[in-house]
Structures are given as C-alpha cells and as structure tokens.
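1. I'll drop the sequence and a predicted model, then ask my questions.
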Amino acid sequence: MFGFLKGKHKGEKVFYSMVSGKSIDLSEVDDEMFAGRVLGDGIAVEPKEDTFVAPCTGTVTTVTDTKHAIGLENEDGVQVLIHIGLDTVKLNGRGFDTYVEPGQKVKTGDPLVKVDRGMLREEGIPDVSMLIFVEPNGHELTKFYTEQAVEAGSSALVEYK
C-alpha cells in the first residue's frame, strides 16, 4: 500500500519497518532499558500484524534461543537488534516461529519471525517492538520517522549517513 515511500528514499541509506503498525519514539516505550536507549538508539513500532520482516538487506547475526530478538548487520556494517515485545524472554520461545538462522543472507522485506500476538495479549505482554542500533559502525542516524502508519518492508523508519 505504501510502496511509493520506498522509491522516495532511493539512493538514501534507510532501514525500513520490520512490521506493519504505528511507529513511535523509543522514549514512549514503557521499559527503561529501551526508553533510556541503554542498548542504543532506535525506534519502536506498535504492531498491527504478526509477521516481522528484514528492515534491510544483510546478514542475520543472532536469533536468540527465546526467538524474541533477531540481530542483523547490513551491507554498511550497521548492526541492529529487532526486539519483539516487552518481557517476551520469559516465554522461552512460545508463540514465536522463526524463519531465519545466524549467517543467513536476507533482503529487505524477507520474513524473519511470526508472533502469536493474541497469545501475548492473553499473557498481558505488550507487543511494542523495537529496532535498536547496537553498532552504527561510524554512521550517523539522521532521521526517525515516528508517529506514522508504517508497512513492513516498505515504509522508512530510520535514515542514516
């Protein structure tokens, strides 16, 4: 639906949304570690769908045993962490189906993981999800697209140079 946004950023360095929903500033996340940017700067999305996709072309660096977090490194060496939900580590992987493994190459929009958001709601676990820049590799994050409806794999979330 928002494919036109992808072309708008041609030639610019962009991380796209990892899930469809609404983008929000990290400071709005109800978790001190993320809101305080302890792990790094980033952005959050309040999801409206269950499937999370690659926000960039690159390599999968990490898939946690609990499946709630996936690390990626793009072609510029920028390392990001996708963290799905708050306190989801305590589920020990229940409700998560991963489609990737460390070392696997992915393209923007490739499916990474599917989450049973209904189960998260039943467990009282917030599904707000974060894209954290754990290692910018000398790059500067220049623009965050917050407070917008975003589509997985096609809406820009963060620009960098």
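-> The structure has been received and is ready for your questions. Keep in mind that what you see is a predicted model, and the values were worked out from it rather than measured. Numbers count the residues shown, from 1 in each chain.

2. report how many residues lie close to residue 88.
-> 25 (other Cβ atoms under 10 Å). Glycine gets a C-beta too; all of them are placed from N, C-alpha and C.

3. quick check, it in contact with residue 120.
-> Yes - Residue 88 lies in contact with residue 120 (Cβ atoms under 8 Å); the separation is 7.2 Å.

4. for residue 53, give me its contacts.
-> 18, 19, 108, 109, 110, 111, 112, 152, 153 (Cβ atoms under 8 Å, 6 or more residues apart in numbering).

5. same check, this time on residue 131
-> Here residue 131 is in contact with 15, 18, 42, 43, 44, 45, 55, 80, 81, 82, 157, 158 (Cβ under 8 Å, 6+ apart).

6. 10 Å instead, please
-> Residue 131 makes contacts with 15-19, 23, 26, 40-45, 55-56, 72, 80-83, 144, 157-158, as judged by Cβ atoms under 10 Å, 6 or more residues apart in numbering.

7. the bottom helix or strand of the protein by mean pLDDT?
-> helix 3-8 (a mean of 44; mean pLDDT, DSSP states H and E).
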